[in-house]
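>>> Whatever this is, show me its structure:
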Amino acid sequence: MASRNPSRPAAGRANLYQQITDRIIADLEAGRVPWVQPWTSANAGVGMPHNAVSQRAYSGINILTLWDAVVSNGYSAHAFLTFRQASALGGTVRRGEYGVPIIYTRRFVPGEEQRRAAAEGRDPVGGIPFLRTFTVFSVDQCEGLPDHVYVPPPPIPDGLILPQADALIRATGADFRIGGASAYYSPAHDYVAVPRPDDFRDPVNWHRTAFHELGHWTGHRSRLDRDQTGAFGSKDYGREELIAEMTGAFVCAALGISPTVRHADYIGSWLEIIREDNRAILRAASAASKAANFLLEHGPSASGRDAANDADEPVAHEARRAASSRAAA
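Coordinates of the predicted model:
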């Protein structure tokens, strides 16, 4: 009979621990802190991740793992369940959705101790701990679940989204989604996601974030066709963030909105870009003006912006003057 390798279970646990640790390190290195939110709460509200069927709260590292999933994916609830649980409720996980691996610890108690404990009317003691993983899905990733599983978000209070901003956002025709805990633009799927305005400590700052993300939206290849392939932390990424940040500021100013928040996360990369190239800020400001005008042209007061835009394009003017000089020569 082949002998068992006693080191294999320990090695498996060590590998699993390392995977979890590596994931947390990667999040922190990328500037994502699962337990610190930039807004007062997620769209799901303040709460603990829990199983949608048993209502039991998850614990330990699973809390951080599932909070990170809520933030990263903009889920509207803290409720999760397994594929089998979704099927048992008459629903299903949507095709193409990826679950979140979480862990649980069990103890293996030899049969002899189980029998002795049962005979003595007590709980078994001792045992060998072992770690297992299983996959859960947000209820947002499922279809056909009973209504009681979902908790619809409350309506946004009147007045938090200023009417001129609401009208412009609607007029752009952008796929603009309000809810979740993250603000981002998805180039692959061409939509903007922004948290609810009442998730901000000062709701007026929602407008700057909304138009910042719409600034990214203008760069899609079907619109202004900017390079949006830069990886997080790269100079190309920093340039695009600088354009989007100024776009948000320009649009808010044009609409008479005065937010107080400043997106300071990328200041270091912006300084590096500007110091290396004294024309970088000119190019970024020019691109931001084009992006802001692209958005504002959907509004009621778009006349005259094309002429004004030329004043914001020193790089383009310089190129035209050079071309004229060559032609004259």
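
>>> contacts, neighbours, all on C-alpha from now
Will do.

>>> Tell me how many other residues crowd Ala244.
Neighbour count for Ala244, taken as other Cα atoms under 10 Å: 28.

>>> any idea how far it is from Trp217?
According to Cα to Cα, to the nearest Å, Ala244 stands 9 Å off from Trp217.

>>> do the same with Trp270
To Trp217, Trp270 is 20 Å away according to Cα to Cα.

>>> ok, the two, which is more surrounded?
Shown here are Trp270 and Trp217; by other Cα under 10 Å, Trp217 has more neighbours (28 against 20).

>>> same for the helix or strand containing the more buried one, what does it pack against?
For Trp217, the host element (DSSP states H and E) is helix 205-218. The contact analysis (3 or more Cα pairs under 8 Å, 6 or more residues apart in numbering; DSSP states H and E) places helix 205-218 against strand 184-186, strand 191-194, helix 235-254, helix 280-296.

>>> Pretty sure Ser186 sits against Val192.
Yes: using Cα atoms under 8 Å, Ser186 is in contact with Val192, at 6.5 Å.

>>> okay, those two: which has more neighbours?
Val192 (22 against 13).

>>> OK, contacts around the more buried one?
The contact partners of Val192, taken as Cα atoms under 8 Å, 6 or more residues apart in numbering, are Ala174, Asp175, Phe176, Arg177, Ala183, Tyr184, Tyr185, Ser186, Glu213, Leu214, Trp217.

>>> His50: what's it in contact with?
Neighbouring residues of His50 by Cα under 8 Å, 6+ apart: Arg56, Ala57, Tyr58, His78, Ala79, Phe80.

>>> How about it, nearest residue that isn't a chain neighbour?
Leaving aside its chain neighbours, His50 sits nearest to Ala57 (4.0 Å; criterion: Cα to Cα, 6 or more residues apart in numbering).

>>> mind listing the strands for this structure?
50-51, 79-81, 92-93, 100-108, 128-138, 142-143, 176-178, 184-186, 191-194 (DSSP state E).

>>> can you tell me which of the ones you listed the model trusts least?
Ranked by mean pLDDT, the strands of the chain end with strand 100-108 at the bottom, a mean of 79.

>>> Perfect, I'm done here.
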